[in-house]
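Undergrad: After the sequence you'll find the predicted model.
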Amino acid sequence: MILGVQSIADFLAGITEAIAPGKGLQYVLAAVIHAVLLVHAFALSPAVFIWLERKVAGRIQDRLGPTRVGGLFGWLQSLADGIKLVQKEDLCPPAADSLLFRSAPYFVCVASFAAFMVLPFSHGWVAVAADCGLFIILAILSLEVFGIIMAGYSSGSKWSLFGGMREAAQMVSYEIPLAICALVPVIAAGSLNLGEIGGMQRGGIQNWFIFHNPFAFIAFFVYFVVATASCKRAPFDLAEAESELVGGFHTEYSGIRWSFFFMGEYASMFAVCGIASILFLGGWNTGIPPLDDALYAARNAGAAGQGSVIVGYLANVLGLLVFVSKASLGVFVQIWLRWTLPRLRIDQVMTTCLKYLTPISCFLFLGATLWPLLLATAAQRSTWTPEALGVRAAAEIRESAAATAVPAAAAAQPVAGSAVQARLDATTEGAVQ
Amino acid sequence: MSSALMLSAAAAPGGSVLFVIFALAACLCAVAVVAAQTVVRMAFWLVLSLGSTAALFFLADADFVGAAQLLIYVGGTLVLLVFGVMLTASGPYLKIATSPGEIILGAVVALLFLCVVVASISGVSWPEPQVADAGALQTTAGNTLRPLGLAFLGTRPDQDLADGDQLSPGYLLPFEIVSIHLLVVLIGAAYLARAKRRAVGT
Amino acid sequence: MSLSAYLLVGAVLFVCGIVCMATKRNGIGVLMGVELVLNGANVNFVAFSKYTQLGLDGQIISLFVIVLAAAEAAVALAIALNFYNNHLTIDVDRASKLKG
């Protein structure tokens, strides 16, 4: 809810009515605005994180990293690298299947970018507020495997084929514990909508899902390890194992095509760390109870037009900064891991996933499902915090349903006393408890 | 941001343009699957076709089914198919050559079959949905997650069941049967396809 | 946008799948035809779920179709791999040992 108006569409309606009547143009403009903002997020995160990686790698290895380009800390090193990569020759090996070779980087990039579509950056700041947002993200992240397979196969080189097949096997296997561990906080929350999940963790650090039950606590660390593996980061980076496979699936790629793979990788690192922070670490909530409540009140007042609109907007911006810093902290830990731990062999990678992480995830899933029953029988409560999760969840789901209500459907609603409406209210109440 | 804008992708004014784009993509990529020369290119076009079908599902207000299509079908079944292609490759980029006569014959038969199917579809007048109940259930069209979950359990707020008949049988038993079926099938397939001593080439 | 448009898309996918099954010599190619047929049916189910009284049942059935298609593809692929291990070819025209 930006600038106190109902939606970007209404804001644009006043402008576009003069140009072209009807909702078509404002719909397209709103979609373009969302896409441009997300492209900025998608493109800036690799630029910043590649620079961060080089500085952190340098410090861990007792050297400085980039220091020359653009000032004292090499701020513009990523920009210089990008310019260098863009002006390189566009090679396609003669033995390669050229259609697949040229289109493989776009699979990876598009899959990575589309995950940003349902990722909420702050309260209400999400491009598509889908009810099954987490499911959509898991589905889209599983499309990256195709880019890897196509790249490895179509390069026409045995190093690429080996690297591509190993990498595809690793990514496909690690999707299972990723999904199961991501479901552990969903069991507590009762919703797959990432906006609702983030909103339920408002009010203090004790409300964060990582502290909701011991299984969720362990699930956060398992999720983080699995997310590192699914992003092909060390110690799971067989695909880029320079000492073994030359370059793995991207051996034959150079210039801007190579950089598409790495944009996709760093952007999906940010995306999975963002998902971890929403699911486990409270998302855009600061964790300090009075500050959380003050920000929530400020943004609601601003949206409803009762308080200061600018203060409400700034409250959302503060939430955005908190979210980005939590996700960046996750990426920093992933970079730290890369330069600290030795690489695993492919059989060790597959053993870790199939023999250790998948059974652990299933055990955590089962434990998280039985936890409320355990608490209810042992302590006659459903959540160990003073305010039960069900109360917060119910409030959040009702608010999210009201925010996305269709005005036309409201007109078509049957009258309040009808049997269908009564049953609908009863089942909604029952579903949120 | 403007979640109110993405209410129903189909009802939005750009919805029919998006539908035409994704329907054309699905159909043309399906034709490309038939026409492709190498098996890996067939897999590539099939991925694009099924991805466009998933987009059509999103446009038809079936978000969960669209995401399930992407996750299970494209991300699982097609990856399995591509692995199968790699494991049974008999030579680099082996091309399947068809003569022009066979191509024309195949195209004619396909078009005739399509005409038969389309004629049988257009001859039926399909019953209209009951708008009131459909609107009552979903505050935003496409948010089918909770209604699907409730339908699996047997409570159907979207249907005006008779008063003594509050529950439908639900879909939990078929879901369990399909899960166990999938488990048994995958164990059997893994056993059947285990690596054995390969036959000496003829 | 209307029901007929969705049904037409489903019909085209179905016909392409049938032609693929009938004309491809590669066993995996035949499997891809089967996937196209199942997807055509899924598009029909989802379209009926939206535009007729079928409601949520259509989406539930399409979920089951997706899962069962995965199971069927796994079995068919296992058979194809077994055949390849024994005969070193995946050409369906060469699978003629039981021919009378």
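TA: Received, thanks.

Undergrad: Count the residues that sit near residue A:197.
TA: Residue A:197 has 27 neighbouring residues, counting by other CB atoms under 10 Å in any protein chain shown. C-beta here means a position set from N, CA and C on the backbone, and glycine is covered the same way.

Undergrad: Show the model's pLDDT score for it.
TA: The confidence metric pLDDT takes the value 92 at residue A:197.

Undergrad: So what touches the helix or strand containing it?
TA: Using DSSP states H and E, residue A:197 sits in helix A:194-200. Applying CB atoms under 8 Å, 6 or more residues apart in numbering or on different chains, the contact partners of helix A:194-200 are A:118-120, A:123-124, A:126, A:129, A:133-134, A:137, A:185-186, A:189, A:191, A:207, A:209, A:275, A:278-279, A:282-285, A:389, A:392-393, A:396-397, A:399-400.

Undergrad: Recalculate using a threshold of 6 Å.
TA: Applying CB atoms under 6 Å, 6 or more residues apart in numbering or on different chains, the contact partners of helix A:194-200 are A:120, A:126, A:129, A:133-134, A:189, A:278, A:283, A:392-393, A:396-397, A:400.

Undergrad: Select from the residues you listed every entry located in strands.
TA: Counting by DSSP state E, no part of those is found in strands.

Undergrad: Please indicate which of the residues you listed are buried?
TA: Among those, those classed as buried by 16 or more other CB atoms under 10 Å in any protein chain shown are A:120, A:126, A:129, A:133-134, A:189, A:278, A:283, A:392-393, A:396-397, A:400.

Undergrad: will you turn these into JSON lines that also has distance to residue B:63?
TA: Shown next, in JSON lines, are the buried ones among the contacts of helix A:194-200 (distance: CB to CB, whole Å):
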{"residue": "A:120", "distance to residue B:63": "16"}
{"residue": "A:126", "distance to residue B:63": "14"}
{"residue": "A:129", "distance to residue B:63": "11"}
{"residue": "A:133", "distance to residue B:63": "9"}
{"residue": "A:134", "distance to residue B:63": "12"}
{"residue": "A:189", "distance to residue B:63": "18"}
{"residue": "A:278", "distance to residue B:63": "19"}
{"residue": "A:283", "distance to residue B:63": "21"}
{"residue": "A:392", "distance to residue B:63": "25"}
{"residue": "A:393", "distance to residue B:63": "21"}
{"residue": "A:396", "distance to residue B:63": "19"}
{"residue": "A:397", "distance to residue B:63": "17"}
{"residue": "A:400", "distance to residue B:63": "15"}
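
Undergrad: Give me the subset of the residues you listed that also touch chain B.
TA: Applying CB under 6 Å from any CB of the partner chain, the subset of the buried ones among the contacts of helix A:194-200 adjacent to chain B comprises residue A:129.

Undergrad: what's around the closest residue to residue A:382 other than its chain neighbours, how many residues?
TA: Leaving aside its chain neighbours, residue A:382 sits nearest to residue A:372 (5.0 Å; criterion: CB to CB, 6 or more residues apart in numbering or on different chains). For residue A:372, the count of nearby residues is 18 (other CB under 10 Å).

Undergrad: What pLDDT does the model give residue A:372?
TA: 89.

Undergrad: Touching the helix or strand containing it from outside, list them.
TA: Element membership of residue A:372 [criterion: DSSP H and E] is helix A:358-379. By CB under 6 Å, 6+ apart, the residues outside helix A:358-379 that reach it are A:176-177, A:180-181, A:184, A:187, A:213, A:215, A:218-219, A:222, A:381-382.

Undergrad: If you count neighbours, what's buried in that helix?
TA: Going by neighbour count (16+ other CB under 10 Å), the buried part of helix A:358-379 is A:358, A:360-361, A:364-365, A:367-368, A:371-372.

Undergrad: Secondary structure element holding the nearest residue to residue B:74 once chain neighbours are set aside?
TA: Nearest residue to residue B:74, sequence neighbours excluded (CB to CB, 6+ apart): residue B:50, at 5.1 Å. Per DSSP H and E, residue B:50 falls inside helix B:39-59.

Undergrad: Give me the packing partners of that helix, helices and strands only.
TA: If you count contacts as 3 or more CB pairs under 6 Å, 6 or more residues apart in numbering or on different chains; DSSP states H and E, helix B:39-59 packs onto helix B:15-35, helix B:63-68, helix B:78-87, helix C:27-51.

Undergrad: from those helices, which stretch is densest packed?
TA: Sort the helices and strands packed on helix B:39-59 by mean neighbour count, taking mean count of other CB atoms under 10 Å in any protein chain shown, and helix B:63-68 sits at the top with a mean of 26.

Undergrad: Distance from the chain centre to that helix, please.
TA: 10 Å (CA atoms, centre = their mean, to the nearest Å).

Undergrad: measure the residue nearest to residue A:382 to residue C:57 for me?
TA: Per CB to CB, to the nearest Å, residue A:372 is found 31 Å from residue C:57.

Undergrad: same question, residue A:177
TA: Distance of residue A:177 to residue C:57, given as CB to CB: 33 Å.

Undergrad: Which one of those two is surrounded by more residues?
TA: For residue A:177 and residue C:57, the more surrounded residue by other CB under 10 Å is residue A:177, and the numbers stand at 29 against 18.

Undergrad: Tell me the spacing between that one and chain B.
TA: Distance of residue A:177 to chain B, given as CB to the nearest CB, to the nearest Å: 15 Å.

Undergrad: in a strand, that's where that residue is, yeah?
TA: No: secondary structure assignment (DSSP: H, G, I helix; E, B strand; the rest coil) places residue A:177 in helix, not in a strand.
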